[in-house]
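# Any chance you can model this:
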Amino acid sequence: MPNLLQKRWYGYQTAWVFALQLLLVIFISYYNWILGLVSLCMVCGLAFMMLQAERRFRKELVRYVTDLTYRIKRVEGEAVSRLPFGILLYSEERTVEWHNKFVNNMYGLDSVVGQPLTELLPSLPLHVPRDKKDAAANSITTVEAVVADRHYELTMLHDERLIYVHDITELTVLRDRYEDERAALGIVMLDNLDEAAQGMDDQQRTALIARVATALTEWAKQYRVYLRRLSSERYLMMLNQKSLNELEQSRFVILDEVREMTADLKVPITLSIGLGFGTERFSELGELAQSSLDMALGRGGDQAAVKAGQRLSFYGGKSGAIEKRTRVRARVIAHALRDLMQESDKVIIMGHRMPDLDVIGASIGVLKAADMFQVEAHIVLDDKNPGIDRLMERIEKEESLRRRFITSEHALDMMTEHTLLVVVDTHKASMTMEPKLVEEASRVVVVDHHRRGEEFINDAVLVYLEPYASSACELVTELLQYIHEKVELSSLEATTLLAGITVDTKHFALHTGSRTFEAAAFLRRIGADTVMVQRVLKEDLQEYIAKADIIKHARMIYNHIALAVTEPNRKIPQLLIAQVADTLLNMTNVLASFVISERPDGLIGISARSLGNMNVQIVMERLGGGGHLTNAAVQLEGTQAEAERRLLEVLEEIEKEEGLFE
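From the prediction side, this is the model:
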């Protein structure tokens, strides 16, 4: 090519010389025509030579370009064939039309031309853009595929029917290794060591701790966990994500092992485990681990809580909560609540939506506590249900008590920055009668007996959450005994608190401890009327008939579970659904009961009950609800058939994972 360019340059130079010579011939001819004729002949000869040179140049240029084009095409084909990534063309029928050698090596075949993409690359999307708008949004798709144990990234250009294939095996291995080696922190706590070791001498207590420590050490070695003892009842765990995944797959079998190992004790030892994962900072991991442990303890202990970012998972929780409250804690909480009330201009008390007797009783108890310190207090009551109608009729007759009930709108209007909001019988803002009150309040107190869920009022200034208690009324009754030297309650007010305890314990048959009876005895001593409690709890004949009609549709599943699904398009109040579940639990060989029905608000309600052999809270949590080990519920959108299908799927999952019953 340089020689051709040089010749072309010489050609240009010769043309200029020819032009000058022609001018010179004209000039000479002007003075001497003979000499000019001779010069003209010489110039014509030179022009002929230039024409021949131009022709030779053009021939050489055509030959050079032809040769270069052939070489480029040959090299281009070879380069495409030997590219370090794959290129694959497919037809409109999604069969392979052409590919380079990378694809040959990828499948270990001489050719895959003619084979369908659905067989070669099943992970490719079947969707092909049809219109311009769709094509603009989906003209390029990137997915990952595994072929012969190697990982590939597939970039699909729909418009050109072209697929680029990149081998990302090494990148995938590094990515998986990075994920597996990310750090996690955990805390293991013997949550009832003092109760289990009661009556033991130092030698027996030390031997018991050693037995548990040995089991924990062997468990930690099995799952490659570094375990460091911090105290007699507290251990620190350090592990990576791979070990954490294995622990979750085993569903923390150490919980059952320790409980069964100490089953010979009057009170078996149970563990609570909190694990944090999902951040690179160890300080944040420690906070997540402590938060998870608090969550596990708040739900009654004997379980593991794993918090990874926004994901919160629970494992275990089969046994009932062991009563471990102390009167010291009740006294400290009572004094703190007293100080908060005295610093406030008014107190607003609120429970959950669809309030029951426990909400009304606990609210009245807190109201009377505020009255003892001459602090203005009101109870928020928007919703009602048949379960509190008889009680509210009696309250309506008490003018001094009736005017203390206000609507949520009124409460929002009267709230100031010095107002104290007391939330009773729930710790979830979304379940309160008016969530806006929680948002507006500068100071919130939570008094609840339910197991702690993922949602929680985290900015509360005072939390009295005791899953070991039978009811919120029991907790408030204990607080009343310490909040003031002289507690003054009317007979109706004391009876309301006792009614709340009676309902939540199913007439002192379930979820009761020694403190429950002590609280009931205190209320009876200051004037609670047990006969009035029975009158308030009386059933309506039509409700009883309605319950019987639902019960006749019940069937037994898994031998010991009663499942009742009401007739379609029949709307049943949530209270009646819960009462049917309670009634089914009284049947022979029934250890757990579930009732599904459409509610008046259009949602599908599921009430779950058990005698303690099955944790119905876990079942309801997987459906989006919650509650206690023996008492839980959920509200779902959709149809009864869909709700029944989802419930049966969850029961089947739990049966495969760890069994439904202990």
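# need the next SSE after the lowest-mean-pLDDT helix or strand in the chain, C-terminal direction.
Counting by mean pLDDT, DSSP states H and E, the chain has its least confident helix or strand at helix 132-138, which shows a mean of 46. Per DSSP states H and E, the first helix or strand lying C-terminal to helix 132-138 is strand 140-147.
# What's the mean pLDDT across that following strand?
Averaged across strand 140-147, the pLDDT comes to 84.
# so what strands line up beside it?
Using DSSP bridges, strand 140-147 pairs in its sheet with strand 150-157 (antiparallel).
# Would you mind pulling the contact partners of the strand it pairs with?
Residues outside strand 150-157 that contact it (Cβ atoms under 8 Å, 6 or more residues apart in numbering) are 86, 106, 121, 123-125, 139-146, 162-169, 171-172. Where you see a C-beta, it was placed from the backbone N, CA and C, and this is true even at glycine.
# buried subset of those residues?
Neighbour counting over the contacts of strand 150-157 (16 or more other Cβ atoms under 10 Å) leaves 86, 106, 121, 124, 141, 163-167, 172 as the buried ones.
# Just to be sure, which of these are found in strands?
Mapping these onto strands (DSSP state E) picks out 86, 141, 163-167.
# Phi, psi for residue 382 please.
Dihedral pair for residue 382: phi -110, psi -50, per degrees, to the nearest 10.
# ok, how many other residues are close to it?
When neighbours are counted by other Cβ atoms under 10 Å, residue 382 registers 15.
# distance of it from residue 408?
5 Å (Cβ to Cβ, to the nearest Å).
# Name the residues contacting each of those two.
Shared contacts of residue 382 and residue 408 (Cβ under 8 Å, 6+ apart): 433-434.
# out of everything not next to it in sequence, what's closest to residue 600?
In space, and not counting its chain neighbours, residue 600 is closest to residue 571: 4.9 Å by Cβ to Cβ, 6 or more residues apart in numbering.
# same question, residue 253
In space, residue 253 is closest to residue 219, 7.8 Å off (Cβ to Cβ, 6+ apart).
# Give me the buried positions along the strand or helix carrying the one you found.
Using DSSP H and E, residue 219 maps to helix 202-222. By 16+ other Cβ under 10 Å, the buried positions in helix 202-222 come out as 205, 208-209, 212, 215-216, 219-220.
# Which of the residues you listed sits closest to residue 477?
Nearest to residue 477, judged by Cβ to Cβ, of those is residue 205 at 33.8 Å.
# In contact with that closest one: list those residues for me.
Going by Cβ under 8 Å, 6+ apart, residue 205 touches residue 197.
# ok, now how distant is it from residue 190?
Per Cβ to Cβ, residue 205 is found 12 Å from residue 190.
# now do residue 614
Using Cβ to Cβ, we find residue 614 at a distance of 25 Å from residue 190.
# just to revisit the earlier point, now do the shared contacts for residue 205 and residue 190.
Shared contacts of residue 205 and residue 190, defined by Cβ under 8 Å, 6+ apart, are absent.
# Count the residues that sit near residue 304.
So residue 304, with other Cβ under 10 Å, has 25 neighbours.
# That one sits in which helix or strand?
If you go by DSSP H and E, residue 304 is part of strand 303-308.
# averaged over its residues, what pLDDT does that strand have?
88.
# out of everything not next to it in sequence, what's closest to the residue nearest the centre of the chain?
The structure's the chain has its C-alpha centroid closest to residue 311; by Cα atoms, centre = their mean the separation is 4.0 Å. Distances taken as Cβ to Cβ, 6+ apart put residue 278 closest to residue 311, at 7.9 Å, once the chain neighbours are dropped.
# Likewise for residue 183?
Leaving out its chain neighbours, the residue that sits closest to residue 183 by Cβ to Cβ, 6+ apart is residue 240, at 6.2 Å.
# What of residue 289?
Leaving aside its chain neighbours, residue 289 sits nearest to residue 276 (3.9 Å; criterion: Cβ to Cβ, 6+ apart).
# Please, where are all the strands along the stretch 201-350 of the chain?
Ranges of strands in the stretch 201-350 of the chain, per DSSP state E, counting those that start in this stretch, are 226-231, 234-240, 271-277, 303-308, 311-316, 346-350.
# any idea which of these scores lowest on pLDDT?
Among the strands of the stretch 201-350 of the chain, strand 311-316 carries the lowest mean pLDDT (a mean of 81).
# Show me which residues of that strand are buried.
In terms of neighbour count (16+ other Cβ under 10 Å), strand 311-316 has its buried residues at 312, 314-316.
# May I see these organised as CSV, with distance to residue 52 added?
Formatted as CSV, these follow (distance: Cβ to Cβ, whole Å):
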residue, distance to residue 52
312, 91
314, 96
315, 96
316, 101
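# Can you tell me which of these is nearest residue 565?
Comparing the buried residues of strand 311-316 against residue 565 with Cβ to Cβ places residue 314 closest, at 27.2 Å.
# I'd say that closest one and residue 296 touch.
Yes: between residue 314 and residue 296 there is a contact under Cβ atoms under 8 Å: 7.5 Å.
# Find residues that contact each of these two.
By Cβ under 8 Å, 6+ apart, the residues touching both residue 314 and residue 296 are 303-305.
# Spell out which residues make up each domain of this structure.
Domain assignment for the chain, taken from automatic domain parsing, gives 2-81, 86-173, 184-316, 327-536, 541-657.
# and those domains, which is most packed in?
Here the criterion is mean neighbour count by mean count of other Cβ atoms under 10 Å, and of those the winner is domain 327-536, at a mean of 20.
# First-to-last residue distance for that one?
31 Å (Cα to Cα, to the nearest Å).
# go on, stretch 338-355?
End-to-end distance for stretch 338-355, by Cα to Cα: 25 Å.
# all strands of the stretch 1-150 of the chain, in order?
Taking DSSP E, counting those that start in this stretch, the strands of the stretch 1-150 of the chain run over residues 86-90, 96-99, 140-147, 150-157.
# Could you dump those into CSV and include distance to residue 476?
Below are these laid out as CSV (distance: least, Cβ to Cβ, whole Å):
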stretch, distance to residue 476
strand 86-90, 71
strand 96-99, 74
strand 140-147, 57
strand 150-157, 60
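# looking at these, which is closest to residue 645?
Of all the strands of the stretch 1-150 of the chain, strand 140-147 sits nearest to residue 645, with 31.1 Å by Cβ to Cβ.
# is the nearest residue to residue 230 once chain neighbours are set aside in a bridge, and if so with what?
Nearest non-adjacent residue to residue 230, counting by Cβ to Cβ, 6+ apart: residue 236, 5.6 Å away. Beta-bridge partners recorded for residue 236 (DSSP bridges): residue 187, residue 228.
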